[in-house]
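Novice: Below: sequence and its predicted model.
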Amino acid sequence: MAGLRELKGILKDKASLFKANLSTNRPMSYVNVTVLRATTHRTTSPPSEYRLVAILSLGQRSSIMADACTESIINRLHRTHSPYVALKCLFILHNIISKGSSTLRNQVPAGGYNFLNLSEFSYKSNVEKREISLWVRWYASFLELNLMVSRVLGFFSSSPSVFFDRKRDLLKEMNTLVEFIEGICEVPDSLHLQRNDLLHELMILVGEDYRATQYQIIPRLSSETEFADQISRLSSTDSSELIACLKRLENCKKRLTEIFANRKRHDAFWELISQRKMELEKMNRNRGRLLLWQ
């Protein structure tokens, strides 16, 4: 039965390629063919570097081609019942977010939670593909978080930066960054499946995002003078919220170690988190004593 479904998928790919090649809209035909060849049913391997480059290059041509590219990927994602094809589509979207031109990245929609509409994606008649379906649902939610974080922090925005009051900025941005790391920690327990080339490659990208998030957190907490100035202006409620945020981050440490086999290279990061949390707790205790004496 599984072999029959795979054959059916391969035949559908051929029919789709034939239809795309017959299209009179040559630019759209080229885009659809490029996407189909990168997300074939034929293998469970990730798209080759050549296929990825071909897709990323579409964003260097025009905003119309970039829009057609993301539209084609999303359509492919929503029409497939194959968890491997779905993962390939998500993997390509991740590469667009991480490595694509600003023109291409800006065409990726960011509508909020479950905007990719894959929270119920499932493949029930095959044990392996049922497990891969778990990865599809998690990976989709992770990319949704990724895009929402980028909009909050302005990583990919081409518009001028908007300056917020530092107190609001620190709390909002730290909560957003920690939420993103918590999303990474929700990766399916079947980490042994990373032996699969496609899962292995997508987890490399996720690992790069994790490190990039660390690099965003560190400067927000590392300068003792600036941090002391910022927290001195926090209300008790705000400082308690920041403490809770840092505790949530610390609670992720064990899971992140399991996922990425973290070594001592991350010790300084976790020491910084612990130190800043203790400083905030000390400040709150001192404030409490002052209130008692008043």
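Specialist: Nice, thanks for sending it over.
Novice: could you say which helix or strand contains E128?
Specialist: When elements are assigned from DSSP states H and E, E128 belongs to helix 127-153.
Novice: Can you dump the C-alpha atoms of the next helix or strand after that helix in PDB for me?
Specialist: Next in sequence after helix 127-153, counting helices and strands by DSSP H and E, comes helix 166-185. Presented in PDB, the C-alpha positions along helix 166-185 are these (Å, rounded to 0.1, in the frame of the first residue of the first chain):
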ATOM      1  CA  ARG A 166      14.100  50.700  26.500                       C
ATOM      2  CA  LYS A 167      12.000  49.300  29.300                       C
ATOM      3  CA  ARG A 168       9.200  48.200  26.900                       C
ATOM      4  CA  ASP A 169      11.800  47.100  24.400                       C
ATOM      5  CA  LEU A 170      13.800  44.800  26.800                       C
ATOM      6  CA  LEU A 171      10.700  43.100  28.200                       C
ATOM      7  CA  LYS A 172       9.000  42.600  24.900                       C
ATOM      8  CA  GLU A 173      12.000  41.400  23.000                       C
ATOM      9  CA  MET A 174      13.300  39.100  25.700                       C
ATOM     10  CA  ASN A 175       9.800  37.500  26.000                       C
ATOM     11  CA  THR A 176       9.800  37.000  22.200                       C
ATOM     12  CA  LEU A 177      13.200  35.500  22.100                       C
ATOM     13  CA  VAL A 178      12.500  33.100  24.900                       C
ATOM     14  CA  GLU A 179       9.200  32.100  23.300                       C
ATOM     15  CA  PHE A 180      11.200  31.200  20.200                       C
ATOM     16  CA  ILE A 181      13.600  29.000  22.100                       C
ATOM     17  CA  GLU A 182      10.700  27.300  23.900                       C
ATOM     18  CA  GLY A 183       9.400  26.600  20.400                       C
ATOM     19  CA  ILE A 184      12.600  24.800  19.500                       C
ATOM     20  CA  CYS A 185      12.300  22.700  22.700                       C
END
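Novice: before we move on, back to that, check which helices and strands the helix holding E128 sits against.
Specialist: On a contact count with 3 or more CB pairs under 8 Å, 6 or more residues apart in numbering; DSSP states H and E, helix 127-153 meets helix 83-99, helix 166-185, helix 197-222. For every residue, glycine as well, the C-beta is placed using N, CA and C.
Novice: can you put those in CSV and add mean neighbour count, mean pLDDT and distance to W135?
Specialist: Formatted as CSV, the helices and strands packed on helix 127-153 follow (neighbours: other CB atoms under 10 Å; pLDDT from 0 to 100; distance: least, CB to CB, whole Å):
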stretch, mean neighbour count, mean pLDDT, distance to W135
helix 83-99, 23, 94, 6
helix 166-185, 17, 85, 13
helix 197-222, 17, 91, 6
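Novice: distance of Y139 from L202?
Specialist: Distance of Y139 to L202, computed by CB to CB, to the nearest Å: 7 Å.
Novice: Identify the contacts common to those two.
Specialist: Residues within reach of Y139 and of L202 at once, by CB atoms under 8 Å, 6 or more residues apart in numbering, are 87, 90-91, 94.
Novice: N114: which of those is nearest?
Specialist: Proximity of the shared contacts of Y139 and L202 to N114 (CB to CB) peaks at L90, which lies at 13.6 Å.
Novice: Can you give me every residue that contacts the closest one?
Specialist: Contacts of L90 by CB under 8 Å, 6+ apart are 77, 116, 136, 139-140, 143, 202.
Novice: Sort out which one of those residues lies nearest R220 for me.
Specialist: Closest to R220, out of all of those and judged by CB to CB, is L143, at 23.7 Å.
Novice: For the closest one, give its distance to R276.
Specialist: L143 is 29 Å from R276, by CB to CB.
Novice: Give me the more crowded residue out of these two.
Specialist: Set L143 next to R276 and count neighbours by other CB atoms under 10 Å: L143 wins out with 25 against 20.
Novice: who's in contact with the closest residue to L116 other than its chain neighbours?
Specialist: Leaving aside its chain neighbours, L116 sits nearest to A140 (4.5 Å; criterion: CB to CB, 6 or more residues apart in numbering). When contacts are counted by CB under 8 Å, 6+ apart, A140 touches 90, 114, 116, 118-119, 121.
Novice: Let's have those in JSON lines, adding distance to T44 and secondary structure.
Specialist: As requested, those are arranged in JSON lines below (distance: CB to CB, whole Å; DSSP: H, G, I helix; E, B strand; the rest coil):
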{"residue": "L90", "distance to T44": "14", "secondary structure": "helix"}
{"residue": "N114", "distance to T44": "26", "secondary structure": "coil"}
{"residue": "L116", "distance to T44": "21", "secondary structure": "coil"}
{"residue": "L118", "distance to T44": "18", "secondary structure": "coil"}
{"residue": "S119", "distance to T44": "23", "secondary structure": "coil"}
{"residue": "F121", "distance to T44": "17", "secondary structure": "coil"}
